[in-house]
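Student: Pasting the sequence and the predicted model now:
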Amino acid sequence: MAVMVLLTTTSFMIDAHYCGDSLVDISILNQVQNCGMNTDSNSMPCKDGFNKSDCCKDIQVISEGQNEAQISVFDLTLQQQIMLVAFVLLEDDLFIGLDKNIVPFKNYRPPLLEKDIQKTQEVYII
């Protein structure tokens, strides 16, 4: 749940620089590096004789997170509150004392066998 809240409230920006149809650079946190065709004059030719304004472009994808997380509050009636408290207390009391590993047959020995039953019945475990 904490990861989901973190992802929905985080803002980030992805920058991409294209020269023609090819992707030159992509960046998540910093500015992208251009292909070198970004000069002040638009008369400098790019690939295949196009102007800079025709072939180079920057694309920004901005994902803005939520400014404040909404906390949902449960509106419980008095009966539901009493039931919830009783359930939590009874569940806690049910498992008290089960931490010990109790073995009920620890003090008893197995019965003595007069004859080997598997051998008399000719049953062999393979």
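Tutor: Thanks, I have the structure now.

Student: the helices in this protein, which residues?
Tutor: Listed in chain order, the helices of the chain (DSSP state H) span 2-9, 52-55, 78-94, 117-120.

Student: Return the helix or strand in this structure with minimum mean pLDDT.
Tutor: Lowest mean confidence among the helices and strands of the chain (mean pLDDT, DSSP states H and E): helix 52-55, at a mean of 60.

Student: Confidence-wise, which of the helices of the chain is weakest overall?
Tutor: Among the helices of the chain, helix 52-55 has the lowest mean pLDDT, at a mean of 60.

Student: picking up where we left off before, looking at the helices of the chain, which is closest to Val61?
Tutor: Evaluated with Cβ to Cβ, those place helix 2-9 nearest to Val61, the distance being 15.9 Å. (Glycine included, C-beta is placed from N, CA and C.)

Student: Report the distance from that closest one to the chain centre.
Tutor: 10 Å (Cα atoms, centre = their mean, to the nearest Å).

Student: now swap in stretch 3-14 and tell me
Tutor: 13 Å.

Student: And stretch 103-120, by the same measure?
Tutor: On Cα atoms, centre = their mean, the centre of stretch 103-120 falls 53 Å from that of its chain.

Student: Could you point out which residue ranges in this protein have low pLDDT?
Tutor: Counting by pLDDT under 70, the ranges of the chain that qualify are 37-54, 69-73, 97-99.
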